[in-house]
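Enquirer: Model the following, please.
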Amino acid sequence: MSLKLLFEPLRLPSFLYGNVSARRQRPSSSGRKKWVGVVGAGCMAVGLVGCDNAPEPEIAKPIPVVKFQTIGEISSGRRLRLSGTLEAADTSVLSFQVGGRVAAIHVQVGDVIAAGQLLAELDKTDYEIELKSARAQLSSSRGALKEARENLNRQKQLYAKELVSASALESAQASFEAAAGNVGVSQSAAKKAEEDLSRTVMTAPFSGTIAARKIDPFIDVSAGQAAFDLQSEIGMEAKVLVPEGMIREVDFGQAVKVTLPTRKGLELGGTVTEIASKANTGNAFDVNVTIGDVSGLDLRPGMTATVLFNFKSYLEGKTVYLIPMSAVSAKEAALGNDGGMPVDRRAPIFVFDAASGTVVKKMIVLGDIRGNSIEVYSGLEPGDQIVTAAVSQLYDGKKVRLWAGEY
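Expert: Numbers count the residues shown, from 1 in each chain. This is a model prediction of the structure:
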């Protein structure tokens with residue numbers, strides 16, 4: 001509004017003037033009140049115009065509240081979790097050492113048996129006959145040897161008296177040696193016949209569980225034909241496939257942890273006992289982990305098992321901290337072409353400075369990823385308070401308040 005307008009006389013409505021003849025008359029009391037109201041309104045208008053150029057009051061910006069974590073958790077090393085299956089530590093395929101007809105089977109699949117327990121028998125008839133024949137042959141050979149010995153002694157006495165020739169003595173000596181040889185052969189045959197007869201009975205070499213039965217009564221089996229699968233009831237193994245990139249970290253005797261998805265809360269200790277020298281399916285290597293005594297736990301071969309490997313050798317004795325991946329400012333990190341780990345493994349984070357109430361940007365050296373966390377090789381100290389969320393909105397020196405969990 002211009003100054004000219006401010007100083008122009010106010011033009012009042014005509015009803016305030018009255019008629020023309022009464023202009024010189026003294027205003028009434030009601031007229032004076034109307035004049036006062038009009039003048040007050042004019043003053044208010046002037047006051048409002050003057051406020052248009054007044055400065056606006058400055059509004060204080062709120063200090064953002066940030067989530068944080070205090071540095072303290074130390075990395076326990078690279079972890080590898082692999083799924084596999086349980087197997088019996090001692091599994092044997094039992095068979096008869098001789099052939100014959102199955103006469104009886106004394107166990108069934110799933111039976112828990114003790115060492116030395118009778119499992120199955122073959123028909124013994126043929127082996128008993130063979131044993132009798134071998135024993136008869138042995139008796140005959142021994143009788144022939146006795147006669148040959150007596151004849152040799154007699155020929156020696158006659159030869160000493162020059163009553164027989166040297167050739168007669170030599171013949172008696174040869175007959176004796178042949179008879180002695182026949183006795184040895186007969187003894188071996190009799191011993192074998194005894195062993196064959198004993199082998200018609202199958203007993204358990206160790207305590208365990210019958211995992212499979214592969215024979216039936218009254219069928220003919222040959223020597224070495226599989227009859228039963230016997231699994232030890234004490235020890236168990238977990239078999240897993242380790243990727244080729246990690247197989248060099250696996251050592252004989254390495255301690256691992258074994259869990260089972262179907263047995264919540266059960267955690268067993270294990271030891272690496274076998275490492276394949278040749279890759280299997282998918283360039284992975286078979287690794288067997290011996291769990292040990294699992295008696296009373298009702299674990300069975302074929303169950304799914306999870307083996308947790310913990311590799312620490314790559315840390316080389318360094319103290320390595322774990323921080324949330326959300327604490328790393330990805331937009332300022334020198335990321336590789338795949339958008340993953342920074343090329344030089346360096347990335348910025350923001351550390352809270354309690355003295356100034358601001359965040360300070362620090363560069364850290366990153367390690368391997370552990371789920372939703374990442375290892376930090378250097379750049380942090382125990383007790384540092386790092387911002388763990390919305391770090392893309394921060395800059396060096398920005399004032400913040402730490403979230404205290406009050407909301």
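Enquirer: C-alpha only now, for contacts and for neighbours.
Expert: Noted.
Enquirer: Where does pLDDT dip in the stretch 151-300 of the chain?
Expert: Filtered on pLDDT under 70, the stretch 151-300 of the chain yields no residues whatsoever.
Enquirer: quick one, strands of it?
Expert: In the stretch 151-300 of the chain, the strands defined using DSSP state E, counting those that start in this stretch lie at 201-203, 208-213, 220-221, 226-232, 235-243, 255-260, 263-275, 284-293.
Enquirer: Nearest spatial neighbour of residue 367, chain-adjacent residues omitted?
Expert: The shortest distance from residue 367 to any residue that is not its chain neighbour, by C-alpha to C-alpha, 6 or more residues apart in numbering, is 4.5 Å, and that residue is residue 375.
Enquirer: right, and the strands of the stretch 151-300 of the chain - which one's nearest residue 359?
Expert: Of all these, strand 255-260 sits nearest to residue 359, with 40.9 Å by C-alpha to C-alpha.
Enquirer: Output the contacting helices and strands for that closest one.
Expert: The contact analysis (3 or more C-alpha pairs under 8 Å, 6 or more residues apart in numbering; DSSP states H and E) places strand 255-260 against strand 263-275, strand 304-311.
Enquirer: what's the most buried one of those?
Expert: Mean neighbour count (mean count of other C-alpha atoms under 10 Å) peaks for strand 304-311 among these, with a mean of 19.
Enquirer: a markdown table for the helices and strands packed on strand 255-260, including distance to residue 191?
Expert: Putting the helices and strands packed on strand 255-260 into a markdown table (distance: least, C-alpha to C-alpha, whole Å) gives the following:
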| stretch | distance to residue 191 |
| --- | --- |
| strand 263-275 | 41 |
| strand 304-311 | 49 |
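Enquirer: Mind splitting this protein into its structural domains?
Expert: The chain breaks down into these structural domains: 3-51, 69-74+317-402, 94-203, 233-315 (assignment by automatic domain parsing).
Enquirer: mind checking which of those domains is nearest residue 83?
Expert: When those are compared by C-alpha to C-alpha, domain 233-315 sits nearest residue 83, at 4.4 Å.
Enquirer: picking up where we left off before, for the domains of the chain, could you give me a markdown table that also reports distance to residue 210?
Expert: Written out in a markdown table, the entries for those read as follows (distance: least, C-alpha to C-alpha, whole Å):
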| stretch | distance to residue 210 |
| --- | --- |
| domain 3-51 | 101 |
| domain 69-74+317-402 | 42 |
| domain 94-203 | 5 |
| domain 233-315 | 10 |
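Enquirer: Looking at the helices and strands packed on strand 255-260, spot the one closest to residue 281.
Expert: Within those, the stretch nearest residue 281 is strand 263-275; the backing value is 14.6 Å (C-alpha to C-alpha).
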